[in-house]
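Participant: structure for the following, please:
(2 chains)
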Amino acid sequence: MENDNLTPEQSLQLINKMISEVKNELKDNGFFFLFWGWLVFISAITHYIMLKMQSEYAFYVWSILMPLGGIISFIYGITRRKKENKRVKTFVDRAMAYTWIAFGVSLFIVLSSGSMVGFEKVYPFVLLVYGIGTFITGGIIKMRWLVFGGIACWILSIVAFYVTFDVQLLLLAAGIVVAYIVPGHVINSNYRKNV
Amino acid sequence: MFKDLDPILHSQLRLGIMSLLVSVEEAEFTFIKEKTEATAGNLSVQIDKLKQAGYIDVNKSFRNNYPLTVCKITKKGIAAFEQYVEHLKTYLTPKK
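Facilitator: Sure thing, here's the model as predicted:
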């Protein structure tokens, strides 16, 4: 393999080849977008239906599904890490990690204050935070669907300030569809094409 | 007007290693081995040369009792790589 008689063209080809090798390594299957997208979508819709049926326990759908989602994500994250045996760290990895940590912390702060000031007051902020997560991710991985999804969440967030709680749930479900579920399926189908 | 190409980088395997490292934060030995399709022995030698030149940092540790070598490009390495590409351009400009 040792060959010091590289022509400039060969050098350039080699650089290109190596850089595209790394690019292929970055492909994501969109699991987290799809998983959390559908989970939050189902929770919001179930909550809405139960509210309409005047169930006292409507809110419990979140208390059950969200921690369950957390556990499944954790297990999935660990097994995927082991299976893929990821042996390279990129700038994108770090940018994504910080974005989603900030997302999680912000969401936690917003939701925990919701129990004190009333959830109808904080739901618009939930949409705001959702928008930030997808918008930045879309910018980092250069995916328009996510950028537009993020913007859509912000628009829905503005609307959410002016409507009642039950309508906010529907807005949340709509935001999840455009910002998480649809882009998640696009990411997943791109991933399948490339494998 | 051809500019001299850095002899440390102007070698197939070393240039391959540097091209991989320039676009990532850090990479494990096994990753570099797989992508460059080099033998472990040859790769070790070339990584050592790049380290001697101060172009990369090499961190050796253990994971699950297996040796783990993680390589990372240095500022000096990035500068050298950029200069190499600049000099490469002088060879590639179309002749009239």
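Participant: what ranges does the chain have for its strands?
Facilitator: Since no chain was named, I'll use chain A. Assigned by DSSP state E, the strands in chain A fall at A:88-89.
Participant: wait, chain B was what I had in mind.
Facilitator: Along chain B, counting by DSSP E, strands occupy B:26-28, B:56-63, B:66-73.
Participant: single out the most deeply packed of the ones you listed.
Facilitator: Compared across these, strand B:26-28 shows the largest average neighbour count, a mean of 20 (mean count of other C-beta atoms under 10 Å in any protein chain shown). Any C-beta I mention is one placed from the backbone N, CA and C, and that applies to glycine too.
Participant: got the residues of chain B near chain A?
Facilitator: Along chain B, the residues adjacent to chain A under the rule C-beta under 8 Å from any C-beta of the partner chain are B:5, B:7, B:10-13, B:15-16, B:19-20, B:22-28, B:30-31, B:35-39, B:42, B:85, B:88, B:91-92.
Participant: buried subset of those residues as a ChimeraX selection?
Facilitator: Buried subset of the residues of chain B next to chain A, written as a ChimeraX selection, criterion 16 or more other C-beta atoms under 10 Å in any protein chain shown:
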select /B:5,10,11,12,13,15,16,19,20,22,23,24,26,27,28,30,31,35,36,38,85,88
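Participant: what's the longest helix seen in chain A packed up against?
Facilitator: For chain A, the helix with the greatest residue count under DSSP state H is helix A:91-117. With contacts defined as 3 or more C-beta pairs under 8 Å, 6 or more residues apart in numbering or on different chains; DSSP states H and E, helix A:91-117 has these neighbours: helix A:119-140.
Participant: just give me how far the helix it packs on sits from the chain centre.
Facilitator: How far helix A:119-140 lies from its chain's middle: 10 Å, per C-alpha atoms, centre = their mean, to the nearest Å.
Participant: now do that helix, average pLDDT.
Facilitator: Mean pLDDT, helix A:119-140: 93.
Participant: low pLDDT regions in chain A?
Facilitator: Low-confidence segments of chain A, defined by pLDDT under 70, are located at A:1-4, A:25-26, A:84-86, A:195.
Participant: which of the residues of chain B next to chain A fall within helices?
Facilitator: Per DSSP H, the residues of chain B next to chain A map to helices at B:12-13, B:15-16, B:19-20, B:22, B:30-31, B:35-36, B:42, B:85, B:88, B:91-92.
Participant: list the residues that contact the nearest residue to A:S106 once chain neighbours are set aside.
Facilitator: Closest residue to A:S106 apart from its sequence neighbours, by C-beta to C-beta, 6 or more residues apart in numbering or on different chains: A:V129 at 4.8 Å. Contact analysis of A:V129 by C-beta atoms under 8 Å, 6 or more residues apart in numbering or on different chains lists A:103, A:106-107, A:110.
Participant: nearest to chain B, of the residues you listed?
Facilitator: Of all these, A:F103 has the smallest distance to chain B: 21.2 Å, by C-beta to the nearest C-beta.
Participant: any idea how far B:E34 is from the spatially most central residue of chain B?
Facilitator: The residue lying closest to the centre of chain B (C-alpha atoms, centre = their mean) is B:M18, at 2.3 Å. Using C-beta to C-beta, to the nearest Å, one gets 16 Å for the distance from B:M18 to B:E34.
Participant: how about the helices in chain A?
Facilitator: Assigned by DSSP H, the helices in chain A fall at A:8-25, A:31-52, A:60-84, A:91-117, A:119-140, A:144-160, A:165-176, A:182-194.
Participant: now for those, which one comes closest to B:Y55?
Facilitator: Closest approach to B:Y55 among the helices of chain A is made by helix A:8-25 (14.8 Å; C-beta to C-beta).
Participant: so does that closest one get close to chain B?
Facilitator: Yes. For helix A:8-25 and chain B, the contact criterion (C-beta under 8 Å from any C-beta) is met by A:8-12, A:14-15, A:17-19, A:21-22.
Participant: lowest pLDDT pick from the ones in helices among the residues of chain B next to chain A?
Facilitator: Ranked by pLDDT, those bottom out at B:L92, which scores 78.
Participant: residues of chain A that sit close to chain B?
Facilitator: So chain A meets chain B at A:1-4, A:6, A:8-12, A:14-15, A:17-19, A:21-22, A:87-91, A:93-94 (C-beta under 8 Å from any C-beta).
Participant: what's the closest non-adjacent residue to A:P183?
Facilitator: Here the residue nearest A:P183, using C-beta to C-beta, 6+ apart, is A:W145, at 4.0 Å.
Participant: how many neighbours does that neighbour have?
Facilitator: 17 (other C-beta atoms under 10 Å in any protein chain shown).
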